[in-house]
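K.L.:
One predicted model, sequence on top.
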Amino acid sequence: MRRGVLLMALAVALSLALAGCWNPFRPDGDGNGDGDHGDRTSPDRLLEFFARAYMDKSVERYQESLDLSYSFTFMEKDWDSAGVNAIIPYWGWTEDVERTTKMFTSPKTMNISFNFNLAVYTWQECPDSIFVGGEPQPVDAACSIWKPDIQVTIDQGGAEPTTYWVNASWVEVTVIQDRLNPSLWTILRLRESPSPP
């Protein structure tokens, strides 16, 4: 059965959360580049950095990729699974980071493969806003549509490991310059879509 992008990973994260698996963050990134891990100096490089955070299971790098006003908006068919509804159909920074941290740090998560299919997207200007002191503030943003492939391999406790493959939804990504360092970029929003616009 086809699932929304990240839905299977989120379901895995929730099941791993039940195991109560929390490990300290790996102190291995500042977003400015360190060889094979990449950097966040352009929107393209930010997406590479984001994908690398998944593959390295790096909570710190994942957090660096996201703006404080970050949100992940689900398609309606995924609302029940994600625990959201029509009034608030998204996860904010805190919910997203908590669930992703549990998935990354669980000893049951063996491998994560993340390919965001560079060939399918181009960047466009799309003004947006962030919240500063509870008030919206306009920002210049760039948007694109992409269709990532994600594979998560889970240790089944003695049985053969199981790999979950997620390749169903398109995702609209909105990026902005980092609030603390305008030479870097962060992800402001991810929105699931059943098809490209």
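P.N.:
Sure, I can see it.

K.L.:
For the rest of this, base every contact and every neighbour count on C-alpha atoms.
P.N.:
Fine.

K.L.:
can you map out the strands along this protein?
P.N.:
With strands called from DSSP state E, the chain shows them at 66-73, 90-92, 109-115, 124-125, 128-132, 135-139, 141-146, 149-156, 159-166, 170-177, 185-193.

K.L.:
Can you say which of those is nearest to Tyr54?
P.N.:
Nearest to Tyr54, of all these, is strand 109-115, at 6.2 Å by Cα to Cα.

K.L.:
For that closest one, what is the distance to the chain centroid?
P.N.:
13 Å (Cα atoms, centre = their mean, to the nearest Å).

K.L.:
just checking, what packs against it?
P.N.:
Strand 109-115 is packed against helix 43-56, strand 149-156, with contacts defined by 3 or more Cα pairs under 8 Å, 6 or more residues apart in numbering; DSSP states H and E.

K.L.:
can I get these in JSON lines with mean pLDDT?
P.N.:
Below are the helices and strands packed on strand 109-115 laid out as JSON lines (pLDDT from 0 to 100):
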{"stretch": "helix 43-56", "mean pLDDT": "93"}
{"stretch": "strand 149-156", "mean pLDDT": "87"}
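
K.L.:
most tightly surrounded among those?
P.N.:
Of all those, helix 43-56 has the most neighbours on average by mean count of other Cα atoms under 10 Å, namely a mean of 21.

K.L.:
residues in contact with it?
P.N.:
37-40, 59, 61-62, 65, 104, 111-116, 142, 175, 185-187 (Cα atoms under 8 Å, 6 or more residues apart in numbering).

K.L.:
Backbone dihedrals for the nearest residue to Ser183 once chain neighbours are set aside, both of them.
P.N.:
In space, not counting the residues next to it along the chain, Ser183 is nearest to Thr41; the distance is 6.0 Å by Cα to Cα, 6 or more residues apart in numbering. The phi/psi pair for Thr41 (degrees, to the nearest 10) reads phi -80, psi 0.
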